[in-house]
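> next input, structure requested:
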Amino acid sequence: MFQIHLRLCKNAANQFSQCRSTSFMRQRTPLSTHVTRHWYSSQLDRKPLFDKILIANRGEIALRVMRTAKDLGIKTVAVYSEADAYAQHVKMADEAFLIGPAASAQSYLCIDKILEVARLSGSQAIHPGYGFLSENAEFADRVKAAQIAFIGPSGDAMRSMGSKSESKYIMEDAGVPVVPGYHGENQDVGFLKDQADKIGYPVLIKAIKGGGGKGMRIVRSPSEFEEMLESSKRESIKSFGDDKVLVEKYLERPRHVEVQVFADKYDNVVHLFERDCSVQRRHQKVIEEAPAPGLSEEIRAELGAKAVAAARAVGYENAGTVEFIMDNVDKQFYFMEMNTRLQVEHPVTEMVTNTDLVHWQLEVAAGNPLPMSQDQLRLTGHAFEARVYAEKPRNHFLPDTGPLFSVRTPAVSPDVRLETGFIQGDQISVHYDPMIAKLVVHGEDRNDALRRFRRALEQYQIVGLETNIGFIKTVAEHPEFIKGQVETGFIQQYEKDLLKAPDAPNATTLALAADALRLREIAQYKNNPKDPYSPWSNLHQSFRLNSVDKRTFQMSAQDKEYKVLVSTNNASGKTDFEIVDTSSGESVKKFTDVESHLDEEGLLISNIDNKQIKSNVVVHQDEVVVFDEAGRTELKLPIPAYVTGSGAGAEAAGSVKTPMPCKISQVLVKPGQKIEKDMALIVLEAMKMEHVIKAPMAGTIDQVLYNVGDLVEENKSLVTFADKE
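Numbering: from 1, shown residues only. I've put the predicted structure just below:
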């Protein structure tokens with residue numbers, strides 16, 4: 001018997017107040033409120049909801065389910081790994097149980113442990129969230145066998161629709177169009193390659209039980225088919241425990257359009273219209289919106305009808321999403337797959353239909369009919385959702401890890417939702433998906449929603465690790481996105497626009513950074529005036545009334561160094577700033593008689609050039625991050641010589657380094673081995689994704705510094721090369 005630790009979380013709502021969003025509870029009368037009563041009165045007597053449910057997940061989806069449950073008076077039970085001991089979902093739950101180490105396979109994927117927690121806690125139902133066990137048919141079967149309600153579809157429906165190959169046949173029989181391809185059982189490499197030749201390149205290799213872009217590879221020529229197939233299978237077995245794949249035609253100008261469906265045990269099936277999820281990187285969605293732009297009412301109706309037919313074909317129950325790939329030229333669409341769970345992007349549907357889909361899930365799982373019929377559902381306005389990730393867009397979107405040192409979020413309202421599992425001070429771990437939050441914004445129409453969306457992204461400010469917030473805002477400002485011209489290749493097509501290097505900092509931003517550093521020094525001195533060893537004490541030893549305090553701050557950005565000369569009149573309290581380009585020694589700009597202070601929220605309020613500017617300036621380690629009218633600007637502070645000197649030569653020359661914190665998945669070379677340029681050296685695993693490190697040049701391997709299974713920090717040498725003769 002494994003060991004379970006129980007944590008009772010009292011006053012959880014207070015502990016979580018910093019990151020609680022408006023959730024689905026928009027401050028207007030829900031459309032379902034008055035309709036539901038009529039809908040139930042004409043059907044079976046309404047069954048009571050559960051008293052206690054277990055959420056078999058973590059992060060923002062666990063919190064999302066908990067919010068609805070708590071609003072309905074339902075107690076919640078959380079499970080957590082050792083890495084999540086202080087996570088927000090643990091704090092918010094009424095009860096929380098430790099179920100194992102950080103590795104998902106030993107915690108969140110352990111069916112036996114989760115069922116034991118359900119038994120110990122007296123949970124009447126289990127909500128799987130998304131990811132982990134949410135589409136595991138065995139899990140659904142075993143929950144039912146334990147006489148616990150599963151808040152999702154049956155195991156049989158999962159098997160039918162969870163298999164990309166079987167689902168294609170079912171869809172063909174149901175009259176739902178499918179993409180040409182091979183979806184059979186034969187997994188012989190030569191056979192699959194022959195099928196790809198018949199289909200015609202480019203082709204798409206997809207894990208049969210895949211999702212989230214895992215196990216998916218685009219193959220553009222026969223020469224790379226075998227390498228891509230092996231990589232797909234390797235990633236698939238790690239993510240889903242099954243390495244079977246299908247091969248199908250890859251459309252060059254596709255859109256990803258999906259339909260939210262819902263069904264109950266009384267043969268009621270509805271769709272809640274469609275979402276467009278075309279803006280993706282690494283086959284994972286970044287921005288979703290509802291409804292999909294540019295569709296006629298006829299196409300919208302046909303999409304909904306085909307999605308309902310797909311759900312009926314497998315006797316579906318509860319929430320699901322039917323995903324279609326649409327040709328952006330002729331608007332023909334084809335069935336891709338069905339996700340047999342609640343989707344990450346479900347909030348955009350809730351915003352435009354004024355519903356709470358988790359509430360619907362609970363009603364259906366309790367044995368009640370759907371809260372609304374098809375003719376009662378209406379589209380209202382437009383909504384966008386941004387998936388905020390800890391990642392480095394300009395470095396191939398590689399994931400980042402570390403602390404959320406400083407977090408400022410947009411104000412939530414009836415039209416702005418923030419779904420997050422993290423607050424300031426939390427850590428983004430290497431062990432799990434790097435998604436930090438979902439920002440969801442609603443407007444009267446697409447233009448209104450997009451304007452609000454961009455504004456909310458400006459207000460979402462994170463320091464401590466790199467995120468994609470700025471990148472998403474750049475996408476939302478792109479002329480083609482504004483027109484609604486979205487395709488799955490949007491990011492690749494406009495990569496130069498979206499991932500261009502940041503502009504040089506303007507003079508005002510540099511002055512604000514220096515001013516914040518000045519005020520920070522004063523605050524530190526005031527907090528510790530009697531410390532003889534404090535550098536701030538020495539700084540102010542010569543302070544005299546009516547004198548001028550002078551300081552020089554150095555900082556750099558985009559390989560260019562600047563000096564900011566600061567002079568503060570101690571009598572008037574006003575400050576002058578002079579920006580100097582260090583390389584040329586020329587004065588760039590002068591600001592005189594600047595008045596500034598920090599307000600109660602820690603924002604810098606500056607009267608500069610006859611204009612009041614409110615900015616957020618965060619000092620973190622050797623970096624100053626300024627959020628002002630110019631956007632986000634990162635400035636580096638000089639590192640003291642005693643710091644840089646101690647680590648000189650620590651890293652080996654002629655080496656290949658880790659681009660992110662990771663685990664070594666495969667080592668493909670050994671010392672003394674001769675290698676060619678672009679040869680695969682090591683396979684890394686981070687955030688549940690594989691990354692192949694290739695040789696930057698031809699040569700001979702001198703050392704391999706890590707073994708399979710090792711956890712390695714960012715920027716560490718993996719292999720070194722022997723000196724050329």
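> where in the chain is pLDDT low?
Where the chain drops to pLDDT under 70, the residues are 1-44, 211-212, 525-547, 639-655, 687-689, 724-725.
> what residues of the longest helix that it contains count as buried?
Across the chain, the longest stretch assigned as helix under DSSP state H is helix 507-527. Going by neighbour count (16 or more other C-beta atoms under 10 Å), the buried part of helix 507-527 is 507-519, 521, 524-525. Placement of C-beta: from N, CA and C, glycine included.
> who does K214 bridge with?
K214 has these beta-bridge partners by DSSP bridges: G211.
> about what we covered before: export the longest helix of the chain as CSV, just CAs?
In CSV, the C-alpha atoms belonging to helix 507-527 read as follows (Å, rounded to 0.1, in the frame of the first residue of the first chain):
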residue,chain,number,x,y,z
ALA,A,507,15.6,57.7,-23.7
THR,A,508,12.5,58.0,-21.5
THR,A,509,12.6,54.3,-20.6
LEU,A,510,16.3,54.5,-19.7
ALA,A,511,15.5,57.5,-17.4
LEU,A,512,12.6,55.6,-15.8
ALA,A,513,14.9,52.6,-15.1
ALA,A,514,17.6,54.8,-13.5
ASP,A,515,14.9,56.7,-11.5
ALA,A,516,13.6,53.4,-10.1
LEU,A,517,17.1,52.3,-9.2
ARG,A,518,17.6,55.6,-7.4
LEU,A,519,14.4,55.3,-5.4
ARG,A,520,15.2,51.7,-4.6
GLU,A,521,18.6,52.8,-3.1
ILE,A,522,16.9,55.4,-1.0
ALA,A,523,14.3,52.9,0.2
GLN,A,524,17.0,50.4,1.1
TYR,A,525,19.0,53.1,3.0
LYS,A,526,15.9,54.1,4.9
ASN,A,527,15.2,50.5,5.9
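> which residues outside that helix are in contact with it?
505, 534, 536-537, 539-540, 551, 553, 555, 562, 564, 566, 568, 575, 577, 579, 588-589, 591, 594, 596-598, 604, 606, 608-609, 613, 615, 617, 619, 624, 626, 628-630, 633, 635 (C-beta atoms under 8 Å, 6 or more residues apart in numbering).
> could you flag which of those residues are buried?
Buried by 16+ other C-beta under 10 Å: 505, 536, 553, 555, 562, 564, 566, 568, 575, 577, 579, 591, 594, 596, 604, 606, 608, 613, 615, 617, 619, 624, 626, 628, 633, 635, out of the contacts of helix 507-527.
> in strands only, show me those residues.
Of these, the ones assigned to strands by DSSP state E are 553, 555, 562, 564, 566, 568, 575, 577, 579, 591, 594, 596, 604, 606, 608, 613, 615, 617, 619, 624, 626, 628, 633, 635.
> report the separation between the last one and R253.
With distances taken as C-beta to C-beta, to the nearest Å, L635 is found 41 Å from R253.
> repeat for R281
17 Å.
> neighbour-wise, which of these two wins?
Set R281 next to R253 and count neighbours by other C-beta atoms under 10 Å: R281 wins out with 19 against 12.
> give me the nearest residue to the more buried one, chain neighbours excluded.
Nearest non-adjacent residue to R281, counting by C-beta to C-beta, 6 or more residues apart in numbering: F397, 4.9 Å away.
> the one you found contacts I472, doesn't it?
No - using C-beta atoms under 8 Å, F397 is not in contact with I472; the gap is 11.8 Å.
> of those two, which one has the most company?
Using other C-beta under 10 Å, the more surrounded residue of F397 and I472 is I472, with 25 against 20.
> got the phi/psi numbers for the more buried one?
phi -60, psi -40 (degrees, to the nearest 10).
> cool, and I126?
Recorded main-chain torsions at I126 are phi -130, psi 130, according to degrees, to the nearest 10.
> repeat for S278
Phi and psi for S278, reported as degrees, to the nearest 10, are phi -80, psi -30.
> residues contacting it?
P254, R255, H256, V257, V486, E487, T488, F490.
> quick one: which two of these are the most distant?
Across these, the longest distance by C-beta to C-beta is 13.8 Å; it joins V257 and F490.
> more crowded one of the two?
V257 (25 against 22).
> thought that one was touching F333?
Yes - using C-beta under 8 Å, V257 makes contact with F333 at a distance of 6.5 Å.
> shared neighbours, these two?
Common neighbours of V257 and F333 (C-beta under 8 Å, 6+ apart) are L303, F324, I325, M326.
> of these, just say which sits nearest to F453.
For the shared contacts of V257 and F333, the residue nearest F453 by C-beta to C-beta is M326; the value is 22.7 Å.
> identify the bridge partners of that closest one.
M326 has these beta-bridge partners by DSSP bridges: R255, F333.
> what's the neighbour count on it?
26.
> how about the contacts made by E466?
For E466, the contacting residues are A390, E391, K392, D400, taking C-beta under 8 Å, 6+ apart as the criterion.
> give me the distance between it and H620.
12 Å.
> next one: S221
Counting by C-beta to C-beta, the gap from S221 to H620 is 45 Å.
> who has more neighbours, the two?
Shown here are S221 and H620; by other C-beta under 10 Å, H620 has more neighbours (14 against 9).
> pull the contacting residues for the more buried one.
F405, S406, V463, G464.
> the third one pairs with what?
Note on V463: beta-bridge partners by DSSP bridges are S406.
> doesn't V625 make contact with it?
Yes - if you go by C-beta under 8 Å, V463 and V625 touch, sitting 4.9 Å apart.
> overlap in contacts, the two.
By C-beta under 8 Å, 6+ apart, the residues touching both V463 and V625 are V618.
> how many residues are close by N268?
17.
> nope, L54 is what I meant
Counted with other C-beta under 10 Å, the neighbours of L54 add up to 29.
> quick check: it vs D156, distance?
L54 sits 22 Å away from D156, taking C-beta to C-beta as the criterion.
> turn the contacts of S278 into TSV, columns for distance to Y432.
Formatted as TSV, the contacts of S278 follow (distance: C-beta to C-beta, whole Å):
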residue	distance to Y432
P254	29
R255	29
H256	24
V257	29
V486	28
E487	30
T488	25
F490	27
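> ok, V669 touching V719?
Yes - using C-beta under 8 Å, V669 is in contact with V719, at 6.7 Å.
> which one of the two has more residues nearby?
Shown here are V669 and V719; by other C-beta under 10 Å, V719 has more neighbours (25 against 18).
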